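K.L.:
Pasting the sequence and the predicted coordinates here, then a few questions.
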Amino acid sequence: MWELLWPAWLAGSLLALVAAPLGCLLVWRRLAYFGDSLSHATLLGVALSLWLHIPVWGGLVAVCVMIALILASLLAKRQLPSDALLMAVSTTTLSAGLIAISKMDEVRVDLLSYLFGDLLSISSTDLPVFVSCLGLVLLGLAYFWRDLLLTTIDEELAFVEGLPVTKLRLLLLILLALVVTVAMKAVGSLLITALLVIPSLVARPLVNTPTQMVLLAAMTGVTAVSGGLLSSFYWDTPVGASIVVSAALLFVLAQVNVLITRLKA
């Protein structure tokens, strides 16, 4: 059992550790829909990769980064409501990807694995790719964390402090695009945002500082990955969906704890 689960658990846990600070930044900036738009664009990246006969990872990264830059440019102009714009891009890219894949009769595509992920399919030979990509993102977050946090709290104050606000915003979106690309293997294009956002929502009412929130979100993510893998192994449930449901159950428990604490106060 352990021989089958440990590569998936290690990859999923590393993904949860990296998703925690990114998810917290998204929640603080109210940009959860941005992650959703990028995650849905991954299916379009898969379709373009198959059509151009290039490695899927290359197509995923290229499309996600391109969509991130386009969205950043459109949102900066503030001519359209941000939530409506993100929803339009999200549904359009997902639909375009589905149409493109449906027209590739000569290519066999396991669509469910792309939509909902298959963490158990990760082997020890896949781990170097996960470790390299996620390790690079984690190093970038650690190096620029103070600046990213300051721009998240107050962009005007960060600008006065002399920080390159626009470049930091683009850096955040590019790092998010890389994580979304890697996360597709674990939870699929439809569930990536949940892994980013739900652990942050679990941690938010239970802590007092940003650092505590990131650490608790990371612990929540790792716990959700562990619970999802065990559920998939013992009860044959979809692993990506099981991880998200595990995270949601932790969110419910956190809310119950908050409610009980308020009633006692």
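P.N.:
Structure received.
K.L.:
and stretch 5-23, average pLDDT?
P.N.:
The predicted model assigns stretch 5-23 a mean pLDDT of 91.
K.L.:
Next: stretch 238-254.
P.N.:
Stretch 238-254 comes out at a mean pLDDT of 93.
K.L.:
in it, what's buried?
P.N.:
By 16 or more other CB atoms under 10 Å, the buried positions in stretch 238-254 come out as 238-247, 250-251, 254. No exception for glycine: its C-beta is placed from N, CA and C like everyone else's.
K.L.:
cool, stretch 98-107 as well?
P.N.:
98, 100, 101.
K.L.:
ok, and what's touching that stretch?
P.N.:
43, 44, 46, 47, 48, 50, 51, 109, 111 (CB atoms under 8 Å, 6 or more residues apart in numbering).
K.L.:
Same check on stretch 76-87?
P.N.:
33, 34, 36, 37, 71, 74, 75, 166.
K.L.:
Torsion angles phi and psi at the fifth one?
P.N.:
This points to residue 71. Torsion angles at residue 71 (phi, psi; degrees, to the nearest 10) stand at phi -60, psi -40.
K.L.:
Do you know the pLDDT at it?
P.N.:
79.
K.L.:
residues touching it, list them.
P.N.:
Residue 71 makes contact with 34, 37, 38, 85, 86, 89, 173, according to CB under 8 Å, 6+ apart.
K.L.:
ok so, going back, I'd like the buried residues of stretch 98-107 as TSV, with pLDDT appended.
P.N.:
Below are the buried residues of stretch 98-107 laid out as TSV (pLDDT from 0 to 100):
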residue	pLDDT
98	84
100	84
101	81
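K.L.:
which residues of the stretch 151-265 of the chain score low on pLDDT?
P.N.:
The stretch 151-265 of the chain contains no residues with pLDDT under 70.
K.L.:
Ok, the stretch 1-150 of the chain next?
P.N.:
1-3, 75, 77-78, 80, 106-110.
K.L.:
Please repeat the previous calculation with a cut-off of 80.
P.N.:
Within the stretch 1-150 of the chain, the segments meeting pLDDT under 80 span 1-4, 30-36, 56-58, 71-83, 103-118, 123, 126.
K.L.:
Okay, helices next: where are they in it?
P.N.:
In the stretch 1-150 of the chain, the helices defined using DSSP state H, counting those that start in this stretch lie at 2-29, 32-52, 56-77, 82-102, 111-116, 127-153.
K.L.:
is it true that residue 205 touches residue 254?
P.N.:
Yes - applying CB atoms under 8 Å, one finds residue 205 in contact with residue 254, separated by 6.6 Å.
K.L.:
which residues touch residue 16?
P.N.:
By CB under 8 Å, 6+ apart, the contact list for residue 16 reads 195, 199, 218, 220, 221, 222, 224, 225.
K.L.:
which SSE is the nearest residue to it once chain neighbours are set aside in?
P.N.:
Of all residues not flanking residue 16 in the chain, residue 221 sits nearest, at 2.8 Å (CB to CB, 6 or more residues apart in numbering). Using DSSP states H and E, residue 221 sits in helix 210-235.
K.L.:
From the contact counts, what lies against the next helix or strand after that helix?
P.N.:
Sequence order places helix 239-264 as the next helix or strand after helix 210-235, per DSSP H and E. Here helix 239-264 touches helix 165-187, helix 192-203, helix 210-235, going by 3 or more CB pairs under 8 Å, 6 or more residues apart in numbering; DSSP states H and E.
K.L.:
The shortest one vs helix 210-235, what angle?
P.N.:
For helix 192-203 and helix 210-235, the angle between their directions (axes from the mean of the first three to the mean of the last three CA atoms, to 10 degrees) works out to 120 degrees.
K.L.:
So which other helices or strands are in contact with helix 192-203?
P.N.:
Contacts defined by 3+ CB pairs under 8 Å, 6+ apart place helix 192-203 against helix 2-29, helix 32-52, helix 165-187, helix 210-235, helix 239-264.
K.L.:
Dump those helices to CSV, plus distance to residue 150.
P.N.:
Formatted as CSV, the helices and strands packed on helix 192-203 follow (distance: least, CB to CB, whole Å):
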stretch, distance to residue 150
helix 2-29, 11
helix 32-52, 19
helix 165-187, 9
helix 210-235, 11
helix 239-264, 27
